[in-house]
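**Student:** Task: produce atomic coordinates for the following.
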Amino acid sequence: MKRLAIGSPVELKVEAPVNPSEDPQKVIDAIETIIESCSPEFRYGSRVIGRAAGIEPLSVLYEQVRSRSTMGVLRRMLLDNRAGDSTWFLLNKQAATAGIAVIIDEEQESPLGPIRVTISCEELDTLIDWLVPET
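**Tutor:** Okay, the predicted model is just below:
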């Protein structure tokens, strides 16, 4: 993973719905597999929410978008969903349970609901260029 030289903190918020047919621990495990150093918790009776800080939690995603040639998709999502100093993207929850980061465009692409990852950073352009460089 290439080093990133920014001075502002990077904050991640990860959320996923938990359906009645799902084991909350499996959803937690899926999130922890894709977003390292995240501490998700089952809350509000139907959601898993976790937070992480820094770029290290993005290392699995960083490697997988390169090996799966999905950098363009993730870059487009990060730019399209940007609002100020934050942006977000969606992951397929079922693929995440197998340790695979599959970027999706629409919530409906993940039948049990997506994992939503929100990234906040004052130097968001630099972070996006590091995570998914323009090709």
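
**Student:** Helices of the chain, start to end?
**Tutor:** 24-34, 59-67, 71-80, 93-97, 124-131 (DSSP state H).

**Student:** any idea how far the most centrally placed residue in the chain lies from Val14?
**Tutor:** By CA atoms, centre = their mean, the chain has its centre lying nearest to Val117, at 3.7 Å. For Val117, the distance to Val14 equals 5 Å [CB to CB, to the nearest Å]. All C-beta spots, glycine's among them, are computed from the backbone N, C-alpha and C.

**Student:** Next, show the common contact partners of the two.
**Tutor:** Ile35 (CB atoms under 8 Å, 6 or more residues apart in numbering).

**Student:** which residues touch Lys93?
**Tutor:** 16, 27, 30, 110, 112-115.

**Student:** so what does the lowest-mean-pLDDT helix or strand in the chain touch, helix or strand wise?
**Tutor:** When the helices and strands of the chain are compared on mean pLDDT, DSSP states H and E, strand 41-43 comes out lowest with a mean of 88. Packing partners of strand 41-43 (3 or more CB pairs under 8 Å, 6 or more residues apart in numbering; DSSP states H and E): helix 24-34, strand 47-53.

**Student:** which residues does the residue nearest to the centre of the chain bridge with?
**Tutor:** Val14, Phe89 (DSSP bridges).

**Student:** From Asn81, how far off is it?
**Tutor:** 10 Å.

**Student:** Common neighbours of these two, please.
**Tutor:** With CB under 8 Å, 6+ apart, Val117 and Asn81 have common neighbours 88-89.

**Student:** and the residue nearest to Lys26 when sequence neighbours are not counted, what does it touch?
**Tutor:** Closest residue to Lys26 apart from its sequence neighbours, by CB to CB, 6 or more residues apart in numbering: Thr97 at 6.1 Å. Counting by CB under 8 Å, 6+ apart, Thr97 touches 26-27, 29-30, 33.

**Student:** List only those of those residues flagged as buried.
**Tutor:** Among those, those buried by neighbour count (16 or more other CB atoms under 10 Å) are 27, 30, 33.

**Student:** ok, so of those residues, who is nearest Met1?
**Tutor:** Set against Met1, the nearest of the buried ones among the contacts of Thr97 by CB to CB is Thr33 (16.6 Å).
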